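Engineer: Please work out how this folds:
(one chain, ligands or ions: 3)
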Amino acid sequence: MATGSPAVGTGLDACLAQAVAADAGLADTAAVIAAIAAAAIDISEVIGRGALGGDLAAAGAHNSDGDVQKALDVIAHQRVTEALRGAPVAEVASEEAEGVMHLNPGAPLAVAIDPLDGSSNIGVNMAVGTIFGIRPAVQDPANPIASFTTPGTAQLAAGFVTYGPATALVLTLGHGTQVYVLDRAERAFRLTHAELDVPVSAKEYAINASNARHWDGPIKAFIEDCLRGADGPRDKDFNMRWLGSLVADAQRVLMRGGVFLYPGDGRKGYAQGRLRLLYEAAPIAMLMEQAGAGATDGGRRILEIAATGIHERVPLVFGSQEEVACVAKYVDGRNHSAGRSPLFGQRGLIRS
Ligand SMILES: O=P(O)(O)OC[C@H]1O[C@](O)(COP(=O)(O)O)[C@@H](O)[C@@H]1O
Ligand SMILES: [Mg+2]
Ligand SMILES: [Mg+2]
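Structural biologist: Ligands and ions are numbered 1, 2, ... in the order given. I've put the predicted structure just below:
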């Protein structure tokens with residue numbers, strides 16, 4: 001939506017109509033975005049009522065990843081899949097469904113979606129979200145998940161919604177990253193930021209430091225050097241933030257820069273970290289790149305990685321270009337701080 005960007009305040013529907021007028025090939029993608037946005041408004045209302053609407057954190061069954069599904073995970077999954085059923089979507093890969101869901105056979109698009117991101121924040125009135133990536137549907141009788149085994153570069157659009165103090169939709173159709181905020185009175189998203197531009201350098205990092213003892217040497221070294229601040233090799237003091245909600249951390253990075261890391265670690269089941277390639281890392285990576293930031297698994301560009309399973313995990317590093325590049329230097333051993341050589345030569349984010 002870069003060419004002749006709509007004015008701040010323009011509604012999402014008008015912005016999508018303008019994008020389709022410029023490129024008729026975007027019509028189906030725009031219809032899917034409109035459907036997700038409508039579902040997000042419903043979800044936002046459920047979240048906004050908090051405990052008045054019942055216990056949204058009530059535990060239910062386990063999902064495909066072994067996580068306990070909370071009531072809001074299930075509500076969000078139902079709302080988004082109902083909405084996508086009325087859109088030109090053939091298949092959906094949802095965090096909350098074991099296999100690929102077949103909605104409208106023969107339709108042109110496929111959607112990977114995390115209906116409710118940041119589940120540990122449900123019930124404590126903290127930000128949660130919805131993350132999605134839209135791809136062409138691929139028919140291949142030999143590969144039942146063919147729509148989702150193309151690399152992230154195949155995504156036609158990606159976005160996330162943060163249900164925070166304001167409900168915001170962060171969106172890219174491959175021409176920059178825009179932010180829309182929900183106008184609650186009108187039940188419509190309105191453009192607030194036409195072109196995000198993430199600062200190249202930053203002094204803020206995000207990582208779950210309670211896992212420090214499980215990290216590999218390069219990650220320990222990177223964080224240790226951030227902690228040493230202006231007294232260490234990085235020559236600057238860092239701030240730290242961790243919200244426990246990928247969408248909220250990603251939105252902060254998009255708005256003011258910084259670097260986010262969820263590396264692989266030594267805990268059982270965490271060799272590839274915690275975050276899922278198709279419906280967490282790949283959409284966030286597209287949004288980051290379209291805003292001038294980077295996203296890697298510590299070395300490889302996330303958007304060039306092809307999934308082999310719909311719930312596959314991937315180590316994730318994203319944010320300001322200099323910091324993402326700096327992490328890569330630690331991972332491949334180029335950054336040797338004096339006196340710390342024993343830490344190097346150990347495995348990086350990518351464990352075999
Ligand atoms: O609890 P941890 O290990 O710090 O993980 C937090 C991460 O897990 C997530 O909650 C995973 O997403 P889900 O809530 O959709 O499973 C991210 O939003 C967040 O960044
Ligand atoms: Mg998630
Ligand atoms: Mg989730």
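Engineer: who touches the helix or strand residue 254 falls within?
Structural biologist: Here residue 254, judged by DSSP states H and E, is contained in helix 246-256. With CB atoms under 8 Å, 6 or more residues apart in numbering as the contact definition, helix 246-256 has outside contacts at 117-118, 126-131, 160-162, 164, 168, 170, 177, 179, 196, 198-199, 204, 206, 241-243, 258-260, 262, 275, 280, 284, 287-288, 291, 293, 318-320. Where C-beta positions appear, they are placed from N, C-alpha and C, glycine not excepted.
Engineer: May I have the distance across stretch 178-196, first residue to last?
Structural biologist: By CA to CA, to the nearest Å, the extent of stretch 178-196 from end to end equals 6 Å.
Engineer: Would you mind listing the buried residues in that stretch?
Structural biologist: By 16 or more other CB atoms under 10 Å, the buried positions in stretch 178-196 come out as 178-180, 182, 188-191, 193-194, 196.
Engineer: Point out the other elements, helices or strands, that the lowest-mean-pLDDT helix or strand in the chain touches.
Structural biologist: Every helix and strand in the chain was compared by mean pLDDT, DSSP states H and E; the lowest is strand 59-62, with a mean of 87. For strand 59-62, the packing partners by 3 or more CB pairs under 8 Å, 6 or more residues apart in numbering; DSSP states H and E come out as strand 68-70, helix 71-85.
Engineer: which one of the ones you listed is the most hemmed in?
Structural biologist: Using mean count of other CB atoms under 10 Å, the stretch among the helices and strands packed on strand 59-62 with the largest mean neighbour count is helix 71-85, at a mean of 21.
Engineer: so what secondary structure elements neighbour that helix?
Structural biologist: helix 27-49, strand 59-62, strand 89-94, strand 109-117, strand 128-136.
Engineer: how many degrees apart are it and strand 128-136 in direction?
Structural biologist: 30 degrees (axes from the mean of the first three to the mean of the last three CA atoms, to 10 degrees).
Engineer: So which residues of the stretch 101-250 of the chain form helices?
Structural biologist: Counting by DSSP state H, counting those that start in this stretch, the stretch 101-250 of the chain has helices at residues 217-228, 246-256.
Engineer: so which of these gets nearest ligand 2?
Structural biologist: helix 246-256 (5.5 Å; CB to the ion).
Engineer: Reformat the buried residues of stretch 178-196 as CSV; add pLDDT.
Structural biologist: Formatted as CSV, the buried residues of stretch 178-196 follow (pLDDT from 0 to 100):
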residue, pLDDT
178, 98
179, 98
180, 98
182, 98
188, 98
189, 98
190, 98
191, 98
193, 98
194, 97
196, 98
